[in-house]
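Participant: below are the sequence and a predicted model; questions follow.
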Amino acid sequence: MVSEAVLQIITCWEVDYLKLNLGAGNHINEGNGWVNHDLHKHRPEIDVVHDLNELPWPWDDESASKIEAKNVFEHLDIDLVKVLDECWRILEPGGTLYIKVPNAEDPVAVWGDPTHRRPYTLTFVKYFDYKVNDVGFSFYTDRKWKIVDKGGAGNKNAEGIWKSIFAIMEKVK
């Protein structure tokens, strides 16, 4: 459920959709429909405080058109299948999820932060792509995604390896 304060913000903006910025940190998204989330209310712009390890997350089914998760999933204790299933639940059909995580090929990017729980490689997206799922990975989850784009993000390290990777995924109903 969305808090009364967030509903008032959305009503004030006169929008009928929600865009979630999960684990906003100091990267606040402003503008129509954006709701900034974090584990702690460390800034006044944080609209929703919630531990993403606790399911369900505090948003209604099919209530968001977009979710951004930049540098947050690597901090979670719960596994990625549960995380993506929860994002799928919250997104409206055709809604998009933007994920950015440290690249496992750069150990400093992954393990330099002691709060990181797991590394990621770009191959993770194939396990959720509805085209590949029909071939052999449908036993992970019945919730399907279309992979819109994926690649390196941010800066490269001294060896020329991307420090982060990203994926843009679209909910397939």
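Facilitator: Received the coordinates, thanks.
Participant: which helix or strand contains the closest residue to residue 49 other than its chain neighbours?
Facilitator: Nearest residue to residue 49 in three dimensions, chain neighbours excluded: residue 41, at 5.0 Å (Cβ to Cβ, 6 or more residues apart in numbering). All C-beta spots, glycine's among them, are computed from the backbone N, C-alpha and C. Using DSSP states H and E, residue 41 sits within no helix or strand.
Participant: per-residue confidence for residue 41?
Facilitator: Note on residue 41: pLDDT of 98.
Participant: burial measure for it, as a count.
Facilitator: A count of neighbours around residue 41, defined by other Cβ atoms under 10 Å, yields 11.
Participant: give me the phi and psi for it.
Facilitator: Per-residue torsions, residue 41: phi -90, psi 80 (degrees, to the nearest 10).
Participant: do you know how far it is from residue 64?
Facilitator: For residue 41, the distance to residue 64 equals 20 Å [Cβ to Cβ, to the nearest Å].
Participant: same check on residue 78?
Facilitator: Going from residue 78 to residue 64 by Cβ to Cβ gives 19 Å.
Participant: comparing the two, which residue is more hemmed in?
Facilitator: Neighbour count, other Cβ under 10 Å: between residue 78 and residue 64, residue 64 has more, with 24 against 14.
Participant: what count of nearby residues applies to the closest residue to that one other than its chain neighbours?
Facilitator: Of all residues not flanking residue 64 in the chain, residue 18 sits nearest, at 4.4 Å (Cβ to Cβ, 6+ apart). Residues near residue 18, counting by other Cβ under 10 Å, number 23.
Participant: likewise residue 90?
Facilitator: Look at residue 90: counted by other Cβ under 10 Å, it has 23 neighbours.
Participant: following the worst-scoring helix or strand of the chain on mean pLDDT, which helix or strand shows up next?
Facilitator: Here the helix or strand of the chain ranked lowest by mean pLDDT, DSSP states H and E is helix 4-13, holding a mean of 47. Once the chain leaves helix 4-13, the next helix or strand it forms, by DSSP H and E, is strand 19-22.
Participant: and that following strand, what's buried?
Facilitator: Buried residues in strand 19-22, counted by 16 or more other Cβ atoms under 10 Å: 19-22.
Participant: so how far is stretch 120-130 from its chain's centroid?
Facilitator: Computed by Cα atoms, centre = their mean, to the nearest Å, the chain-centroid distance of stretch 120-130 equals 14 Å.
Participant: please name the nearest non-neighbouring residue to the most centrally placed residue in the chain.
Facilitator: Centroid check for the chain by Cα atoms, centre = their mean gives residue 69 as the closest residue, at 3.1 Å. Excluding its sequence neighbours, the residue lying closest to residue 69 (Cβ to Cβ, 6+ apart) is residue 22, at 4.5 Å.
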